[in-house]
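S.K.: Provided below for reference: sequence and predicted model.
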Amino acid sequence: MKTQEDLAIAVRRMQQQYEKGRMDRDILRGWVLGLSSYPPPHGAAVEALKAWFGQRTPEITPEVRDRDIAMLAAVADLPVARARSGM
């Protein structure tokens, strides 16, 4: 992704697909782990997201899914993303 705005849009899309059950966690995990580094304000949130998805989870419980969604939202809902996308 080229810009932080692109990142926020892509993460929001992935989050929505995952929430609706249209995406398997393993596919999402691979996508997340393939993200590059970003400058602030997204950098720390992206690194935390990658660290979370980098852990192997033997069982995907509702709590794990909720945490997945919250971690994705932490990247997609940053103030810079809102200001640029008009949200």
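M.R.: Received, thanks. If you're wondering where the values come from, they're calculated on a predicted model, not measured in any experiment.
S.K.: burial measure for Phe53, as a count.
M.R.: Look at Phe53: counted by other Cβ atoms under 10 Å, it has 21 neighbours. For the C-beta atoms, the positions are set from N, CA and C on the backbone; glycine is no exception.
S.K.: I'd like to know how far it sits from Leu33.
M.R.: Here the criterion is Cβ to Cβ, to the nearest Å. By it, Phe53 lies 6 Å from Leu33.
S.K.: please apply the same query to Pro41.
M.R.: Taking Cβ to Cβ as the measure, Pro41 falls 21 Å from Leu33.
S.K.: next one: Asp68
M.R.: Taking Cβ to Cβ as the measure, Asp68 falls 13 Å from Leu33.
S.K.: between these two, what contacts are shared?
M.R.: Common neighbours of Asp68 and Leu33, using Cβ atoms under 8 Å, 6 or more residues apart in numbering, are Phe53.
S.K.: these two: which has the busier surroundings?
M.R.: Taking other Cβ under 10 Å, Asp68 and Leu33 do not tie; Asp68 has more neighbours (22 against 12).
S.K.: for the more buried one, helix, strand, or coil?
M.R.: The local conformation at Asp68, judged by DSSP: H, G, I helix; E, B strand; the rest coil, is helix.
S.K.: tell me which helix or strand of this protein sits lowest on mean pLDDT?
M.R.: When each helix and strand of the chain is scored by mean pLDDT, DSSP states H and E, helix 79-85 comes last, with a mean of 44.
S.K.: out of everything not next to it in sequence, what's closest to Ala74?
M.R.: Nearest non-adjacent residue to Ala74, counting by Cβ to Cβ, 6 or more residues apart in numbering: Ala45, 4.9 Å away.
S.K.: the one you found against Ala73, yeah?
M.R.: No: using Cβ atoms under 8 Å, Ala45 is not in contact with Ala73, being 9.6 Å away.
S.K.: returning to what we had before: okay, the residue nearest to Ala74: pLDDT?
M.R.: pLDDT, Ala45: 94.
S.K.: tell me the SS of it?
M.R.: helix.
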